[in-house]
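Trainee: mind folding the following:
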Amino acid sequence: MVNPTRGILYPARLPEFHRLPAPSAAAELVAWFWVPEWDIEPGRSSRQEIVAYPALNLVVDAEAVTLSGATTRMSHRDLRGTGWAVGALLRPAAVAALVDDPTALVDGERPLDASAADVGELHGSVVAAMGSGDGHRDRAVVTFARWLEERVGRIGDPARQANALMDVLMGEEAALTAEEAAARLAVSVRTLQRMAHRHVGLSPAAMIRRRRLQEAAVRMREQSDVDLASIAAELGYADHAHLTRDFQTVLGIAPRVYRAESNR
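Mentor: Down below sits the predicted model:
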């Protein structure tokens, strides 16, 4: 099972945060739903820093429905006041129903047309669920999942193959190289690259780098007695220096500094 804090750089700083599984009927469309809720004292803020999964997210909050693309760098959001969001980490099979070219959304986001009847229905039903008392998160997820099922429709073999690509690159015992991933899927490396760009917007190599960084961050937080060289070797980096360069480039912080800060 994927570590629930993978991708979250400072879990101890999170407000109330939940990851909920997708209902079985939507399991091919959503990896999981995530629901933060916060109530920050007036005049203060809470910065949440993320090295996000290489995937698209569909997010509903009190104001809008937003589709966010895959990212190539660390991102953050400053939370203020009182609020909530319900996000769906999309599996590749859901992407084509929401955007024609996911590469155009890399490191960006766009609101879905609120005037469209189905988008307005999604927003209204999730807002109503989140304000409905005990069990509100589960009700919001069920509503959200049902909307995605109707929007996407029948899942075909190409979409399932795209999901398999994500599993091979990001799941447990994931491939260490694009060549290994292509071999597991019985496709050429070029086909693998086309699939990744069409359904995620990033290259397979970029997805592999992101997974390794996420896993490195988790191990630095949770395995304080393991040296960085050992972590680098276990994750397929050429050496300790390679891990340090990758970490510094994407996160803007040295691994040893991150390890010290995350354990305060």
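
Trainee: beta partners for residue 61?
Mentor: residue 85 (DSSP bridges).

Trainee: so it makes contact with residue 83?
Mentor: Yes: contact criterion CB atoms under 8 Å: residue 61 and residue 83 qualify, at 6.8 Å. C-beta here means a position set from N, CA and C on the backbone, and glycine is covered the same way.

Trainee: which strand residues bridge residue 109?
Mentor: Beta-bridge partners of residue 109, as defined by DSSP bridges: residue 68.

Trainee: residues near it, how many?
Mentor: 13 (other CB atoms under 10 Å).

Trainee: is it true that it touches residue 69?
Mentor: Yes: Residue 109 lies in contact with residue 69 (CB under 8 Å); the separation is 6.5 Å.

Trainee: buried residues in stretch 221-235?
Mentor: 221, 228, 231, 232, 235 (16 or more other CB atoms under 10 Å).

Trainee: then stretch 194-202?
Mentor: Under 16+ other CB under 10 Å, the buried positions of stretch 194-202 are 195, 196, 197, 198, 199, 200, 201, 202.

Trainee: kindly reformat those residues as JSON lines containing secondary structure.
Mentor: Putting these into JSON lines (DSSP: H, G, I helix; E, B strand; the rest coil) gives the following:
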{"residue": "195", "secondary structure": "helix"}
{"residue": "196", "secondary structure": "helix"}
{"residue": "197", "secondary structure": "helix"}
{"residue": "198", "secondary structure": "helix"}
{"residue": "199", "secondary structure": "helix"}
{"residue": "200", "secondary structure": "coil"}
{"residue": "201", "secondary structure": "coil"}
{"residue": "202", "secondary structure": "coil"}
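
Trainee: figure out how far the host helix or strand of residue 213 is from the centre of its chain.
Mentor: If you go by DSSP states H and E, residue 213 is part of helix 204-222. Relative to its chain's centre, helix 204-222 lies at 12 Å (CA atoms, centre = their mean, to the nearest Å).

Trainee: helices of the stretch 101-250 of the chain, start to end?
Mentor: 117-130, 136-152, 157-170, 178-185, 189-199, 204-222, 228-234, 240-251 (DSSP state H, counting those that start in this stretch).

Trainee: of the ones you listed, which stretch is the most buried?
Mentor: Burial of the helices of the stretch 101-250 of the chain is given as mean neighbour count (mean count of other CB atoms under 10 Å); helix 204-222 ranks first at a mean of 21.

Trainee: now it against helix 178-185, angle please.
Mentor: 100 degrees (axes from the mean of the first three to the mean of the last three CA atoms, to 10 degrees).

Trainee: what packs against helix 204-222?
Mentor: Helix 204-222 is packed against helix 157-170, helix 178-185, helix 189-199, helix 228-234, helix 240-251, helix 255-262, with contacts defined by 3 or more CB pairs under 8 Å, 6 or more residues apart in numbering; DSSP states H and E.

Trainee: can you put the ones you listed in a markdown table and add mean pLDDT and distance to residue 140?
Mentor: Shown next, in a markdown table, are the helices and strands packed on helix 204-222 (pLDDT from 0 to 100; distance: least, CB to CB, whole Å):
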| stretch | mean pLDDT | distance to residue 140 |
| --- | --- | --- |
| helix 157-170 | 95 | 24 |
| helix 178-185 | 96 | 34 |
| helix 189-199 | 96 | 26 |
| helix 228-234 | 90 | 37 |
| helix 240-251 | 88 | 31 |
| helix 255-262 | 86 | 30 |
